[in-house]
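Peer 1: Could you work out the structure for the sequence below:
(chains A and B)
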Number of protein chains: 2
Amino acid sequence: MSEAKPVILKIGGSVITDKNGELAARTEVINRLAEETKKAGVKNLIVLHGGGSFGHPTAQKYGIKEGLRDDAQKIGFAETHHVMTVLNGLVMDALVWHDIPAFSVAPSCCVVTENGRIKSFEDTAVKTLLKMNFVPVLYGDAVFDEKLGFTVLSGDQLVAYLAKKLGASKIVIGVDTDGLYDTDPKVEKNAKLYTHLTLGELEKVKSKLGGSTVADVTGGMLGKISELASAVEHGIPVTMVNAAKLNRVYKALMGEKVEGTVIEKA
Amino acid sequence: MSEAKPVILKIGGSVITDKNGELAARTEVINRLAEETKKAGVKNLIVLHGGGSFGHPTAQKYGIKEGLRDDAQKIGFAETHHVMTVLNGLVMDALVWHDIPAFSVAPSCCVVTENGRIKSFEDTAVKTLLKMNFVPVLYGDAVFDEKLGFTVLSGDQLVAYLAKKLGASKIVIGVDTDGLYDTDPKVEKNAKLYTHLTLGELEKVKSKLGGSTVADVTGGMLGKISELASAVEHGIPVTMVNAAKLNRVYKALMGEKVEGTVIEKA
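Peer 2: From the prediction side, this is the model:
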């Protein structure tokens, strides 16, 4: 790797897909985010994305997260990975089209979990890509699990893991709300946006956060925050912005002032 | 792995794409081959495919095989891998649709070459897939090279490598001719088909074989035969059949009598 520490950008599945649809990609959003990423031109960038209406419904239908209990699930495991590679293909299309030397790394090929937690990560590909100034692109995926046979690995767990392992300078999380609220802003009109939280404050507001409103086999907002907190503990700040709105991701990548939630250790 | 030794099926890029086109997939052929594969129901199957009009033109345009000499090639390296994942996606679609628990393993994530030859292969994913009765699917890909920076890894080199490493019982190669001829059957009307060759006989006919007629950055028929010969040396028989013709691949997988070329050690 060159001197600059990696910056990790994670785009939620609810941003790049319509979670109420089925295999419903928002290609115009994917395209705009590729444009913002190109414009920011961040060095040592790693991009991750979630599964939205590609990975989640299939994983849920076959109970992939809970592990292998029945041979009939096997086609579901294969299908979950496959639909994720299809969504990833659309993301890659947009990035490469915008002249970003993006290179996909399938988590199922290099991660093994144990009871749903990353146990080993064969990181040669990601490290080589960074060293050569490529942009590694990963995603939430169906992966092998030493205890469960297989499971679903969330993009958020992977973000926190990679951030710690590679010593990231910051994490930008693109979601479909303006940041972290004290209650679900899609349900509660008076939901209050947190603009800055320390890790201590985050712990206190965690109890207020419920699961997400639609199918998300990887735990919704509460799961997201719990994963990211472990990176913040290691001193890596997290900026959560609305990736559905123009230039929020761009500004967050550039370190400019932007509407959203910043979570820092202290 | 269960007791049965792996069987490796490689489908050439000239079969599943139109090599004279650009990104021109033959989805009806891909679909039929998935059907034949399902019907054969071979245990411990590994599927590989070539790049055809997806991988080759892009790799050639940017000189990817020759390695990194210029930063402008980087987008070409990214693009070569990307278009291969697109072709692979079409193959995966067909396999999963036919209820085959197929799971793609991107070679770029687990292979590192040195001057174009496989130096290391992180085989956890492939071995775990076989053990759990999945069908690993790999393909010719743009990969990292310790000396060249990057290069193109042919599906054929990967076939021979995996066959030797995993102790395959046989290799079935699907091409767009009826087998191995003494001269190019697409040019010479009187080309003679070899139905059976020992390794010794193969060496003698090798000198007669030229490169393929259209763009193939991985060496055409001569390159293919040279790669496969190393597996035959290890006692693994190769059956080369016309995958463009109905049931040839099916019969070869089943071990039935089929028009084609069988290459054996002695």
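
Peer 1: what secondary structure does residue A:113 sit in?
Peer 2: Three-state call for residue A:113 (DSSP: H, G, I helix; E, B strand; the rest coil): strand.

Peer 1: Now for the closest residue in space to it that isn't next to it in sequence: which residues touch it?
Peer 2: Excluding its sequence neighbours, the residue lying closest to residue A:113 (C-beta to C-beta, 6 or more residues apart in numbering or on different chains) is residue A:145, at 4.5 Å. Glycine gets a C-beta too; all of them are placed from N, C-alpha and C. With contact set as C-beta atoms under 8 Å, 6 or more residues apart in numbering or on different chains, residue A:145 has these partners: A:67, A:112, A:113, A:114, A:115, A:116, A:151.

Peer 1: cool, and residue A:95?
Peer 2: A:34, A:37, A:47, A:102, A:135, A:137.

Peer 1: Next: residue A:255.
Peer 2: residue A:170.

Peer 1: Show me the two of the contacts of residue A:145 that sit farthest apart.
Peer 2: Maximum pairwise distance in those, criterion C-beta to C-beta, is 13.4 Å, between A:67 and A:112.

Peer 1: Checking my notes, residue A:22 in a helix, right?
Peer 2: No: counting by three-state DSSP, residue A:22 falls outside a helix, being coil.

Peer 1: All the strands of the stretch 151-266 of chain A, in order from the start?
Peer 2: All strands of the stretch 151-266 of chain A, identified by DSSP state E, counting those that start in this stretch, fall at A:170-175, A:180-181, A:193-194, A:196-198, A:238-242, A:261-264.

Peer 1: Buried ones from the contacts of residue A:95, can you make that a ChimeraX selection?
Peer 2: Entered in ChimeraX, the line below selects the buried ones among the contacts of residue A:95, by 16 or more other C-beta atoms under 10 Å in any protein chain shown:
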select /A:34,37,47,102,135,137
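
Peer 1: Closest one to residue B:187 out of the contacts of residue A:95, please.
Peer 2: residue A:102 (40.6 Å).

Peer 1: out of everything not next to it in sequence, what's closest to the closest one?
Peer 2: Closest residue to residue A:102 apart from its sequence neighbours, by C-beta to C-beta, 6+ apart: residue A:95 at 3.8 Å.

Peer 1: just the strands of the stretch 151-266 of chain A: most buried one?
Peer 2: strand A:170-175 (a mean of 26; mean count of other C-beta atoms under 10 Å in any protein chain shown).

Peer 1: Write out the residues of the stretch 151-266 of chain A neighbouring chain B.
Peer 2: Residues of the stretch 151-266 of chain A lying close to chain B (C-beta under 8 Å from any C-beta of the partner chain): none.

Peer 1: If we ignore the residues flanking it in sequence, what's nearest the residue in the stretch 151-266 of chain A that chain B sits nearest to?
Peer 2: Nearest residue of the stretch 151-266 of chain A to chain B: residue A:151, at 13.0 Å (C-beta to the nearest C-beta). In space, and not counting its chain neighbours, residue A:151 is closest to residue A:145: 4.3 Å by C-beta to C-beta, 6+ apart.

Peer 1: now that neighbour, which residues is it bridged with?
Peer 2: Beta-bridge pairing for residue A:145 (DSSP bridges): residue A:113, residue A:149.

Peer 1: Quick check: it vs chain B, distance?
Peer 2: Distance, residue A:145 to chain B, using C-beta to the nearest C-beta, to the nearest Å: 10 Å.

Peer 1: can you map out the helices along the stretch 151-266 of chain A?
Peer 2: A:155-166, A:199-206, A:220-233, A:248-254 (DSSP state H, counting those that start in this stretch).

Peer 1: Output those helices in CSV; the columns should cover mean neighbour count and mean pLDDT.
Peer 2: Output for those, formatted as CSV (neighbours: other C-beta atoms under 10 Å in any protein chain shown; pLDDT from 0 to 100):
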stretch, mean neighbour count, mean pLDDT
helix A:155-166, 23, 97
helix A:199-206, 14, 87
helix A:220-233, 19, 89
helix A:248-254, 23, 98
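
Peer 1: what's near enough to touch the residue nearest to residue A:237 when sequence neighbours are not counted?
Peer 2: Counting by C-beta to C-beta, 6+ apart, residue A:264 is the residue found nearest to residue A:237 once chain neighbours are left out, at 4.7 Å. By C-beta under 8 Å, 6+ apart, the contact set of residue A:264 is A:196, A:197, A:198, A:199, A:232, A:237, A:238.

Peer 1: make it 7 Å
Peer 2: Shown in contact with residue A:264 (C-beta atoms under 7 Å, 6 or more residues apart in numbering or on different chains): A:198, A:232, A:237.

Peer 1: Can you report how many residues lie near the closest residue to the first one other than its chain neighbours?
Peer 2: What sits nearest to residue A:198 in space, not counting adjacent residues and going by C-beta to C-beta, 6+ apart, is residue A:266, at 5.3 Å. Under the neighbour criterion other C-beta atoms under 10 Å in any protein chain shown, residue A:266 is assigned a count of 8.

Peer 1: Just the buried positions in the longest helix along chain A, please.
Peer 2: When chain A is parsed with DSSP state H, its longest helix is helix A:74-97. Buried positions in helix A:74-97, judged by neighbour count with 16+ other C-beta under 10 Å: A:74-96.

Peer 1: So which elements touch the helix or strand harbouring residue A:48?
Peer 2: Using DSSP states H and E, the element containing residue A:48 is strand A:45-49. Contact analysis of strand A:45-49 by 3 or more C-beta pairs under 7 Å, 6 or more residues apart in numbering or on different chains; DSSP states H and E lists strand A:7-11, strand A:135-139, helix A:155-166 as its packing neighbours.
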